[in-house]
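> Dropping the sequence and predicted coords here.
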Amino acid sequence: MPENTTPPSTRSLRLGVAGPVGTGKSSLIATVCRAMSQELNIGVITNDIYTDEDARFLRSAGVLPAERIRAVETGACPHTAIRDDVTTNLLAVEDLEADFAPLDLVLVESGGDNLTATFSPALVDAQIFVLDVAGGGDVARKGGPGIARADLLVINKIDLGPHVDVDVEQMVADATAAREGGPVLALSRKRQETIDELSTWVRWMVARHRDGAHTPQDPGPMAPHFHADEEGGYIHSHDEAPGAVHQH
């Protein structure tokens, strides 16, 4: 696996965005791009197994010039390409940085399928983990490496709270407890004050990266998780050595 050897202060902040399917990772990235593209030079890498659908969504939304949004098709468990062997993603990030230098920020969106995703610090400098209220008010307190140790936990779509019987304040409190006081941001793309909070956090992280004040942290390996397949499915763990046999 290639190492992330370029000195951080001489390149973009590489910011991973992970979370389950449907939590709004693409919409969060679109929100950041809309809010900050006039002050930061931004690029985006999306991940999915067999499609470039997320990249096409972002291009069609017009949040950035289309050529600054690139797709990686992982062809396998989406977590593998952000954790076990980051080669494809790292090359995509470096190509984007070379083509549009100098970039201030590259957002790397994980393909999502459950609560266990974490990025390797060889790929990103910091990570956002995204939950949404429609997934249930109890999800945040269940924890896991992404929820507990990402640089920022976003609870998304808070405007839906009353419609899905979720107490947003309690969900934020549970998340803060699960993260032992780590930052939690309640977000709605329809509430400007929450977008401003997200922009402030991204701006702060970019500044820390430029100053060399931020050290990438490894949230820890993903928990074993289930993948369905034609034979019913299998349990897959990312704390194995690369190339290890999955448990069936």
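The structure has been received and is ready for your questions.

> where does this protein dip in pLDDT?
Along the chain, the model assigns pLDDT under 70 to residues 1-9, 112-114, 221-248.

> Going along the chain, name the strands of it.
Secondary structure of the chain (DSSP state E): strands at 13-18, 42-48, 69-73, 105-109, 126-132, 152-156, 184-186, 225-227, 234-236.

> Save those strands as JSON lines, and put in mean neighbour count too.
Every C-beta, even on glycine, is put in place using the N, C-alpha and C of the backbone. Formatted as JSON lines, those follow (neighbours: other Cβ atoms under 10 Å):
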{"stretch": "strand 13-18", "mean neighbour count": "28"}
{"stretch": "strand 42-48", "mean neighbour count": "26"}
{"stretch": "strand 69-73", "mean neighbour count": "21"}
{"stretch": "strand 105-109", "mean neighbour count": "26"}
{"stretch": "strand 126-132", "mean neighbour count": "27"}
{"stretch": "strand 152-156", "mean neighbour count": "25"}
{"stretch": "strand 184-186", "mean neighbour count": "20"}
{"stretch": "strand 225-227", "mean neighbour count": "14"}
{"stretch": "strand 234-236", "mean neighbour count": "14"}
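
> Would you mind telling me which of those is nearest Asp54?
Taking Cβ to Cβ, strand 42-48 is the member of these nearest to Asp54, at 4.0 Å.

> residues making contact with the closest one?
12, 26, 29, 32-33, 36, 52, 54-55, 58, 64, 68-74, 78, 81-82, 89, 92-93, 96-97, 100, 103-111 (Cβ atoms under 8 Å, 6 or more residues apart in numbering).

> okay if I get the strands of the chain as CSV plus distance to Thr200?
Shown next, in CSV, are the strands of the chain (distance: least, Cβ to Cβ, whole Å):
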stretch, distance to Thr200
strand 13-18, 14
strand 42-48, 16
strand 69-73, 24
strand 105-109, 14
strand 126-132, 14
strand 152-156, 11
strand 184-186, 10
strand 225-227, 33
strand 234-236, 37
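
> closest one to Thr176 among these?
Short answer: strand 184-186, nearest of the strands of the chain by Cβ to Cβ, at 5.1 Å.
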